[in-house]
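A.B. asks: coordinates only, no sequence provided:
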């Protein structure tokens, strides 16, 4: 079981945030990774560049974007950020837009990247948990749902 408090500290959360567009949504997720000491600002730029080059493949489920880039020197530690948007925004993914939750993922290496990803994947594919996560008002409540 993953230690969500380590990978997803209180500083990683921004709930009911207003954003201009998908780039701003990724920037918010990046800012939370920086605030938690997981990355530098350069990683935020890399996440945005990844979508510009590869398209909106990071929108992995209805309403959910998993913002990330390849492990790089801009990653200081493995962790997540959790940005719930006040008003959903389009990323350009017809099947899964609009996005209301952006999770930032930073992994120091491929193995840690996948470890953290698999730790949250189960919760994010569970409709009951997803509904609870959308309503949760605190970082503690969100971590409890993910761990449950």
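C.D. replies: That came through fine. Keep in mind that this is a model prediction, so the values were computed, not measured.

A.B. asks: C-alpha from now on. contacts and neighbour counts both.
C.D. replies: Fine.

A.B. asks: for residue 50, give its distance to residue 43.
C.D. replies: According to Cα to Cα, to the nearest Å, residue 50 and residue 43 sit 10 Å apart.

A.B. asks: now the element after the worst-scoring helix or strand of the chain on mean pLDDT, going C-ward?
C.D. replies: Ranking every helix and strand in the chain by mean pLDDT, DSSP states H and E puts helix 110-124 at the bottom, with a mean of 78. Counting by DSSP states H and E, the element after helix 110-124 in chain order, helix or strand, is helix 127-135.

A.B. asks: what does whichever helix or strand comes after that next one contact?
C.D. replies: Using DSSP H and E, the next helix or strand after helix 127-135 towards the C-terminus is helix 139-147. Helix 139-147 is contacted from outside by 4-5, 8, 10, 13, 120, 123, 129, 132-133, 136, using Cα atoms under 8 Å, 6 or more residues apart in numbering.

A.B. asks: over to stretch 120-134?
C.D. replies: The contact list for stretch 120-134, computed with Cα under 8 Å, 6+ apart, reads 84, 142, 145-146.

A.B. asks: from those residues, list just the buried residues.
C.D. replies: By neighbour count, with 16 or more other Cα atoms under 10 Å, the contacts of stretch 120-134 hold 84, 142, 145-146 as buried.

A.B. asks: what comes up buried for the top strand by length along the chain?
C.D. replies: For the chain, the longest strand by residue count, based on DSSP state E, is strand 79-89. Across strand 79-89, burial judged by 16+ other Cα under 10 Å covers 79-85, 88-89.

A.B. asks: now, which of those sits nearest residue 113?
C.D. replies: Of all the buried residues of strand 79-89, residue 113 sits closest to residue 79, with 8.5 Å by Cα to Cα.
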